[in-house]
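*Asks:* model the structure of this input:
(4 chains)
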There are 2 protein chains.
Amino acid sequence: MKLTTKGHYGFHAMIELARRQGQGPVMIREIGARYGISEKYLEQIMRLLRQAGLVESSRGTRGGFWLAKPAAEIKAREILVSLEGEREPRSLHPIPRKGSRSRCAVLEVWQETEEASRRLWDQKTLADLAARQEVLDHVSGEMDYNI
Amino acid sequence: MKLTTKGHYGFHAMIELARRQGQGPVMIREIGARYGISEKYLEQIMRLLRQAGLVESSRGTRGGFWLAKPAAEIKAREILVSLEGEREPRSLHPIPRKGSRSRCAVLEVWQETEEASRRLWDQKTLADLAARQEVLDHVSGEMDYNI
DNA sequence: AAGCAATACTATTAGATTAGTAGTAAATAT
DNA sequence: ATATTTACTACTAATCTAATAGTATTGCTT
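*Replies:* Have a look, this model is predicted:
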């Protein structure tokens, strides 16, 4: 699983929606302004999340986005996959070997690492992330660092 | 840890050197031809491996490359890092949060996954990979698939 | 019905990264 | 000397990422 800016933005948008669950639609403009994310870019990101069924939306005045289900029922990996896609090992150049039917020891290890990563993202829910971020925001002290 | 074509090529070159350890220098041309890798590109890859101290080389007739130490003493992760570099979480756009001293819950999870991945690559040695590839090459049967 | 305010969608673009190519320099065996 | 191989630098094409731009559509308000 990779994590680019797009996924990172999407997570923070989702955390914001989790925070404000039950309080009506949240506009892209609000999220963009609050976290310094391009609103046009965020628009695309929110569309992907909607197409993945993770959020719902409404247009027009008082329009905006909200979570399609409780934050505890949304796995972090669902968010990641909807924005970054599944990483394909096959995108790598194939190494031709004699017989051309052989598997690749390197890709086996790579797949193990992907599997480990997938498991971790599967274990976390959006509710976990939102709760953790709440803690980090309020208890940030000397030991913290910027990212 | 990411794995691109460059790393994949480098691994197979190293596996070939491991196979032929003690048999004198191996030329880029041989490896390139055998595995269908651009020789010029492989040249750059081998240089990175040499600069990382994983292989040694000699020029001219009968020149080529050989492992700088036994395959069992070379970790897969050393190969990966020398070719792909360490992945920097900081390359992601920072999300400004109130106080601007706060950490990011999303990046914490991401770092967990990277750590898990690093551990796996650390556990494998080049000797492991070479041995495993040997098995895959010779015992490739019905269940195998191409990558 | 009119008009404003928000999302929906499509297309385009700039920058970064990856993969590969080209050409010259330096070293080594014969 | 000369052929052969790696060493190094520079450039290029293709792909991916992060945006930007503009139009269409929907829904609320008056």
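*Asks:* and the longest helix seen in chain A, how far out from the chain's middle?
*Replies:* Ranked by number of residues, the top helix in chain A under DSSP state H is helix A:105-123. Centroid displacement of helix A:105-123 relative to its chain, using Cα atoms, centre = their mean, to the nearest Å, is 17 Å.
*Asks:* okay, helices next: where are they in chain A?
*Replies:* Under DSSP H, chain A gives helices at A:5-19, A:28-35, A:39-51, A:76-84, A:105-123, A:126-138.
*Asks:* neighbouring contacts of the second one?
*Replies:* Around helix A:28-35, the neighbours that count as contacts under Cβ atoms under 8 Å, 6 or more residues apart in numbering or on different chains are A:9, A:12-13, A:16, A:37-39, A:42-43, A:46, A:64-65, B:95-97. Every residue, glycine included, has its C-beta placed from N, CA and C.
*Asks:* around DNA strand D, pick out the residues from chain A.
*Replies:* Contact residues (Cβ under 7 Å from any atom of the strand) of chain A with DNA strand D: A:2, A:4-6, A:9, A:37-38, A:40-41, A:43-44, A:58-63, A:84, A:91.
*Asks:* for ChimeraX, write a command that selects the buried ones of the residues you listed.
*Replies:* Selection of the buried residues among the residues of chain A next to DNA strand D in ChimeraX, burial being defined by 16 or more other Cβ atoms under 10 Å in any protein chain shown:
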select /A:6,9,37,84
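*Asks:* which among the residues of chain A next to DNA strand D are in contact with chain B?
*Replies:* Residues of the residues of chain A next to DNA strand D in contact with chain B (Cβ under 8 Å from any Cβ of the partner chain): A:Lys2, A:Thr4, A:Thr5, A:Tyr9, A:Ile37.
*Asks:* ok so, going back, and B:Gln111, which of the helices of chain A is closest to it?
*Replies:* Closest to B:Gln111 of the helices of chain A, according to Cβ to Cβ: helix A:105-123, at 10.3 Å.
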